[in-house]
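Novice: Sequence plus predicted model, see below.
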Amino acid sequence: MEAALRAAGTAVKIMRIYVNGAEKEVAGEPTIADLLAQLGLPPARVAVELNHALSPRQEWNSRRLAEGDRLEVVQFVGGGA
């Protein structure tokens, strides 16, 4: 990913974060809302824990992620009997 951005002449920082235990490389310093959009997750149907603390929904548009951040994202699923 980083090589492709450099080849395009764009200096973009690539950092590693962890989402549900899996390492993920992201470009720049996305917000939690940006990351959810990249993952294709509807914000109204998820809860996010950032570095072992529940992240308030009202902070998702302003809270920028940093190198090594650990997120747990839980998606709510309807249904049942």
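Specialist: It's in. Residues are numbered from 1 along each chain as shown.
Novice: quick one: pLDDT of the residue nearest the centre of the chain?
Specialist: Nearest residue to the geometric centre of the chain (Cα atoms, centre = their mean): residue 35, 3.3 Å. Note for residue 35: predicted pLDDT of 97.
Novice: now residue 11
Specialist: On the pLDDT scale, residue 11 gets 73.
Novice: you'd agree it is in a strand?
Specialist: No. According to DSSP: H, G, I helix; E, B strand; the rest coil, the state of residue 11 is coil, so it is not within a strand.
Novice: Now do it: how many residues are near it, please.
Specialist: As a burial measure, residue 11 scores 7 neighbours (other Cβ atoms under 10 Å). Placement of C-beta: from N, CA and C, glycine included.
Novice: if I've got this straight, the residue nearest to the centre of the chain is in a strand?
Specialist: No. Applying three-state DSSP, one finds residue 35 to be helix, outside a strand.
Novice: who touches it in this structure?
Specialist: By Cβ atoms under 8 Å, 6 or more residues apart in numbering, residue 35 lies in contact with 17, 19, 26, 65, 71.
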